[in-house]
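Visitor: just need the structure, nothing else, for what follows:
(2 chains)
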Amino acid sequence: MTKKLFELLKKLDLIDILNIEDSYFKTLISKKSKKLSKDVLLFNYSEYSPYAKFDIYSNFDKGNINLWFTDKKQDTTVVLPESYILLNYLKKNDINGLVLFDTSPKKLLVIKDGTLKRQISKSSITPYEIELIKKEFAINDTYKYDKKEYENHLENAINNISFKDVIEFFSIEINFKNIFNLLIKKVSIPLSIFVTILLSIEVLNYAYVQEKLSSTKEQYKLLKLKTTELRDSIYEIEDVSNKYVSLGKELENNSRLIEIVESISEVLKEVNASFLFLKISDADFNLKVDTNQTSVVFGKIVNLGYFDNLKIHSTIKMRYSNNEQVLIKGKIK
Amino acid sequence: MIDSKKTLIFLVSLFAYINFYVPLNESNVKDIARLSLYEQKLKAENSFIENKNEIGTYIENSKSILADNKKIMHDVSMQSSIIFNKQQSKIKNLSLDFNAKLVNVLWGEPHSVDNSLHVNMPFTFIVQIEPKKLSEFLIKLLKESKAMTIKQVFFVKKKKDILVNIQVHLLKYKYEQS
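Guide: Just a heads-up that it's a prediction; the model follows:
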């Protein structure tokens, strides 16, 4: 990972480094090497924490579990302990022994057989203390680096961070509180800017539309006043014209009625039937005839095509002839 | 730890969006649609004014046509009894022409339907006529009379003749001016 990428991720609160001076390190023997959740870590290793309220980070290394306790709550997704990344870098350079960084405060790492045994951060470390630590861990070599060298090592250590390291310390607690916190943290400012811009645009738009609408309405009212008289005359003409059209349709029925009477008269002549009465009232049609060819008369009247629901309503057989008096009813189409 | 300042900003932004932006936006969308409608109306009015002269001519011509149309009905200034009487004489003369006999005449009460152009004057008459002359009689009656609507016809055989009972509405124009 390049320093630039690291800085970018740090800016986005996705990665951070847990400084030696902000943490307490403890290494314990562990047979298991499966990554443990935060709850399990807290349940099993709380007793080793020097802090009352704390957070915990861990990794497994050659049969040991390394624990970093800190009382500083970090909201980032990946927290890499400084001693861990320095160890990885120093290991690559075959450094084993006591490593002292002359910074403020001073930082001390104990590396033995490629594993981190202890980390210490103090304002001052005496040579006597250094000797005691060397004896305790049975190590001979001491490496001392000044502030500039420390900074170089740290930069190299950051460049040395691998994807495996990130995965090892990746931790995300999915709960609504976290999500809400994250949301608030990331979204609140951009959202407020976005809403302010949107609202401003909408308010300006509102003012423009209202002004335009009001002036257009006023203009329309004035124009409409000018055309009202003409418009009313047109409406009146249209109204009267429509009435004439419907009257015309009614008058057309007169000639249709005469046409029906003539057609019926023709039919009766053709079949030599004698007419008794014919009544046409609105759409109702009633015809009574004297004939000996009832079905022929009825068929011919149906074929005229003027009527709907035409039917033979009644027939009366005459006593002294073959004739019948037939009453036909129907509706004019 | 919840960042209370940022939470407040978040909630205020959300509140402003829901309570101010959304209603304002809806109102703007509606007003823009109204504005577009008014602009179209304005365009139509302008075009109306541009064609004012042609429209005026159209109105005058239409009025003159409608004034001619009303002549198909009886004159509004005529009394109903005179109209009935005229129609009765016309049928009587027509009956004489067709060698028919006017048996009965009945005048009804003039009435009008709302918004119609005319007053309906019910008129019923009974004529005894030869069957073969019936159609021609009816055609001539319609041709020689002012506009009328046939409401009911009833033909019944009487010996060699036919008794014709016809109920019509004579039409009298309702308004002074169209």
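
Visitor: pLDDT on the helix or strand harbouring residue A:246, on average?
Guide: Assigning secondary structure by DSSP states H and E places residue A:246 in helix A:176-270. Across helix A:176-270, pLDDT averages out at 88.

Visitor: so what secondary structure elements neighbour it?
Guide: strand A:274-281, strand A:284-291, helix A:294-304, helix B:4-16, helix B:22-50, helix B:52-69, helix B:134-144, strand B:148-158 (3 or more C-beta pairs under 8 Å, 6 or more residues apart in numbering or on different chains; DSSP states H and E). Backbone N, C-alpha and C define where each C-beta goes, glycine included.

Visitor: so which of these comes closest to residue A:160?
Guide: Closest to residue A:160 of the helices and strands packed on helix A:176-270 is helix B:4-16 (C-beta to C-beta; 34.9 Å).

Visitor: for that closest one, buried residues please.
Guide: The neighbour-count check on helix B:4-16 (16 or more other C-beta atoms under 10 Å in any protein chain shown) flags B:6, B:7, B:9, B:10, B:13, B:16 as buried.

Visitor: between the helices and strands packed on helix A:176-270, which one is nearest to residue A:109?
Guide: Closest to residue A:109 of the helices and strands packed on helix A:176-270, according to C-beta to C-beta: helix B:4-16, at 37.6 Å.

Visitor: could you pull up the mean pLDDT of that closest one?
Guide: On average, helix B:4-16 scores 89.

Visitor: just the angle between it and helix A:176-270, please?
Guide: Relative orientation of helix B:4-16 and helix A:176-270, computed by axes from the mean of the first three to the mean of the last three C-alpha atoms, to 10 degrees: 10 degrees.

Visitor: and helix B:4-16, how far out from the chain middle?
Guide: Mean-position distance between helix B:4-16 and its chain equals 66 Å (C-alpha atoms, centre = their mean, to the nearest Å).

Visitor: residue A:250: neighbour count?
Guide: By other C-beta atoms under 10 Å in any protein chain shown, 14 other residues sit near residue A:250.

Visitor: which residue comes closest to residue A:268 once chain neighbours are left out?
Guide: Nearest residue to residue A:268 in three dimensions, chain neighbours excluded: residue A:275, at 5.3 Å (C-beta to C-beta, 6 or more residues apart in numbering or on different chains).

Visitor: let me fix that, I meant to ask about residue A:160.
Guide: residue A:89 (4.7 Å).

Visitor: contacting residues for the one you found?
Guide: Residues in contact with residue A:89, defined by C-beta atoms under 8 Å, 6 or more residues apart in numbering or on different chains, are A:153, A:156, A:157, A:160.

Visitor: now for residue A:108, how many residues are close by?
Guide: Residues near residue A:108, counting by other C-beta under 10 Å: 20.

Visitor: what's the helix or strand for it?
Guide: Per DSSP H and E: strand A:106-112 holds residue A:108.

Visitor: just say helix, strand or coil for the most centrally placed residue in chain B.
Guide: Closest residue to the average C-alpha location of chain B: residue B:116 at 5.6 Å, with C-alpha atoms, centre = their mean. Secondary structure state of residue B:116, per DSSP: H, G, I helix; E, B strand; the rest coil, is coil.

Visitor: quick one: end-to-end length of stretch B:149-168, please.
Guide: 6 Å (C-alpha to C-alpha, to the nearest Å).

Visitor: could you check how far the nearest residue to residue A:113 once chain neighbours are set aside is from residue A:75?
Guide: Closest residue to residue A:113 apart from its sequence neighbours, by C-beta to C-beta, 6+ apart: residue A:96 at 7.0 Å. Per C-beta to C-beta, to the nearest Å, residue A:96 is found 36 Å from residue A:75.

Visitor: follow-up on the earlier one: hmm, residue B:155 and the residue nearest to residue A:268 touching each other?
Guide: Yes. Contact criterion C-beta atoms under 8 Å: residue A:275 and residue B:155 qualify, at 7.5 Å.

Visitor: tell me which of the two has more neighbours.
Guide: Between residue A:275 and residue B:155, counting by other C-beta under 10 Å, residue B:155 is the more crowded of the two (23 against 20).

Visitor: any idea what the more buried one is bridged to?
Guide: residue A:278, residue B:164 (DSSP bridges).

Visitor: what is the burial count for residue A:230?
Guide: Look at residue A:230: counted by other C-beta under 10 Å, it has 17 neighbours.

Visitor: just residue A:190 next, same as before
Guide: Neighbours of residue A:190 (other C-beta under 10 Å): 10.

Visitor: how far away is the spatially closest residue to residue A:84 that is not a sequence neighbour from residue A:205?
Guide: Spatial nearest neighbour of residue A:84, chain neighbours left out: residue A:59 (6.8 Å); criterion: C-beta to C-beta, 6+ apart. Counting by C-beta to C-beta, the gap from residue A:59 to residue A:205 is 57 Å.

Visitor: good, wrapping up.
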